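1. kindly generate the corresponding structure for this input.
(2 chains)
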Amino acid sequence: MILITGASRGLGRAIAERFVERGEEVLGISRETQGLPFEAVACDVSDHNAVKTIAQGLRKQKKEITGVINAAGIASMNLAVTTPAGMTQKLIQTNLVGTIHSCQLFAPLMMRRKAGSIINFSTIAVALGLKGESIYAASKAGVEGFSRAFAREMADFDIRVNCIAPGPIKTDLLKGVSGEQIEAIVSQQVIPKVFQPGDVCDLCEFLLCPQSKSVSGQILHVGGA
Amino acid sequence: MNLEESKSIVHACISEITDGEVNPTDDMNLIGKEASLDSMKLVELCLALEDKAGDLDFEFDWTSEAAMSRSQSLFRTVNSLAEEFHAQSQSKE
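-> The predicted structure is shown next:
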């Protein structure tokens, strides 16, 4: 079974649907679960106890977890000086603390078997230091730092931990961003083009498959940074 | 389950995860300079105890704030870990 947080929309949804297409058993974990075409459970990953309850349930069911993909996240494009304190808290709690909760509570389900792969999500905004994304980038820089150190902690259990850091990807979340803003970011990528959700799904498939057994503690920039 | 049975379970788990290389005693340190297990073995011990608790139909929660703060740490010695394991088994009954 593959656990995917943030599975109700955007990249998380696309990734979940890709693995379902491949015949994998998927459990989506998201705040909204209504109408999802795969098994899903409602949970806010920033709530430690809620994530813990799911982990305990999976352990009791003796589910064999092969991968965890932490795609749950929120974005807020704002200058730091105009970002309300509540939004700062929300960004850190969901993007960073939520990822930590998921990793620390779901990893033990794979540690018993000494096998598994964890994928966390960062953003190209960290590498590029994008204006107007300082707090969002800070939350994701935390995810990168956590992932690199956590990869070393998990290596003894043959669990790999990597980060995917996408640039602008064609999802609903990009609808509110102007073409000029997207172009300004994309032009700084090594491959200056807007990638599709399917390209991120391809990377997820690779990072979960045995062919990536030598890859851990890495930040993979979609399009290059 | 009484405290002695809890101790037996902890001792058995330590022997199991170390392939018999560590002979546990009640006052054996689990953390600190004198620790007999490295941090990864300590995690393996907790996972093993979690599984034993599941077999005995209770949840062994080794990450809760309450368990961690109780008398400094449940991981001080084999005995303190056994006491916590026993306490949690009783609280579920």
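
2. B:L37: how many residues sit nearby?
-> Number of residues near B:L37 (other Cβ atoms under 10 Å in any protein chain shown) recorded here: 21. To be clear about C-beta, it is placed using only N, CA and C from the backbone, and glycine gets the same treatment.

3. same deal with A:E133?
-> A:E133, neighbours per other Cβ under 10 Å, totals 23.

4. so how far is chain B from it?
-> Spatial separation of A:E133 from chain B under the definition Cβ to the nearest Cβ, to the nearest Å is 33 Å.

5. which SS class is the residue nearest to that residue when sequence neighbours are not counted?
-> Spatially, and ignoring its direct neighbours in sequence, A:E133 is nearest to A:A125 (4.3 Å; Cβ to Cβ, 6 or more residues apart in numbering or on different chains). Assigned state for A:A125: helix (three-state reduction, DSSP: H, G, I helix; E, B strand; the rest coil).

6. need the helices for the chain, in chain order.
-> Since no chain was named, I'll use chain A. Under the criterion DSSP state H, chain A contains helices at A:10-21, A:48-60, A:85-91, A:98-111, A:124-128, A:134-155, A:179-186, A:197-208.

7. let me rephrase: I mean chain B.
-> Taking DSSP H to define them, one finds helices in chain B at B:3-17, B:39-55, B:65-69, B:78-91.

8. chain A: which of these is closest?
-> Distances from chain A to each of the helices of chain B were compared by Cβ to the nearest Cβ, and the smallest falls on helix B:39-55, at 4.7 Å.

9. what is the mean pLDDT for that closest one?
-> Per-residue confidence for helix B:39-55 averages out to 92 on the pLDDT scale.

10. just the C-alphas of it, formatted as PDB.
-> Below are the C-alpha coordinates for helix B:39-55, written out as PDB (Å, rounded to 0.1, in the frame of the first residue of the first chain):
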ATOM      1  CA  SER B  39      19.800   4.800  19.000                       C
ATOM      2  CA  MET B  40      18.700   2.600  16.100                       C
ATOM      3  CA  LYS B  41      18.600  -0.500  18.300                       C
ATOM      4  CA  LEU B  42      16.500   1.400  20.800                       C
ATOM      5  CA  VAL B  43      14.000   2.300  18.100                       C
ATOM      6  CA  GLU B  44      14.000  -1.400  17.000                       C
ATOM      7  CA  LEU B  45      13.300  -2.300  20.700                       C
ATOM      8  CA  CYS B  46      10.300   0.100  20.800                       C
ATOM      9  CA  LEU B  47       8.900  -1.400  17.600                       C
ATOM     10  CA  ALA B  48       9.300  -4.900  19.000                       C
ATOM     11  CA  LEU B  49       7.500  -3.800  22.200                       C
ATOM     12  CA  GLU B  50       4.800  -2.200  20.100                       C
ATOM     13  CA  ASP B  51       4.200  -5.500  18.400                       C
ATOM     14  CA  LYS B  52       4.200  -7.400  21.700                       C
ATOM     15  CA  ALA B  53       1.700  -5.000  23.100                       C
ATOM     16  CA  GLY B  54      -0.500  -5.500  20.000                       C
ATOM     17  CA  ASP B  55      -0.400  -9.300  20.600                       C
END
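
11. quick one on the thing from earlier: what's the closest of the helices of chain B to A:V215?
-> Distances from A:V215 to each of the helices of chain B were compared using Cβ to Cβ; the minimum, 21.2 Å, belongs to helix B:39-55.

12. report pLDDT for the closest residue in space to A:Q218 that isn't next to it in sequence.
-> Once its chain neighbours are removed from consideration, A:Q218 has its nearest residue in A:N162; the separation is 5.0 Å (Cβ to Cβ, 6+ apart). For A:N162, the model assigns a pLDDT of 98.

13. check contacts around A:N162.
-> By Cβ atoms under 8 Å, 6 or more residues apart in numbering or on different chains, the contact list for A:N162 reads A:117-120, A:147, A:151, A:207, A:215-220.

14. what does B:L37 give?
-> B:L37 sits next to B:I14, B:T18, B:V22, B:L30, B:L45 when contact means Cβ under 8 Å, 6+ apart.

15. may I ask which two of these are separated the most?
-> The largest separation in the contacts of B:L37, counting by Cβ to Cβ, is between B:T18 and B:L30 at 12.2 Å.

16. between these two, which one's more packed in?
-> The neighbour comparison of B:T18 against B:L30 (other Cβ under 10 Å) goes to B:L30, with 23 against 16.

17. now do the spatially closest residue to the more buried one that is not a sequence neighbour: how many residues are near it, please.
-> Leaving aside its chain neighbours, B:L30 sits nearest to B:F75 (4.6 Å; criterion: Cβ to Cβ, 6+ apart). Around B:F75 sit 21 other residues, with neighbours defined as other Cβ under 10 Å.
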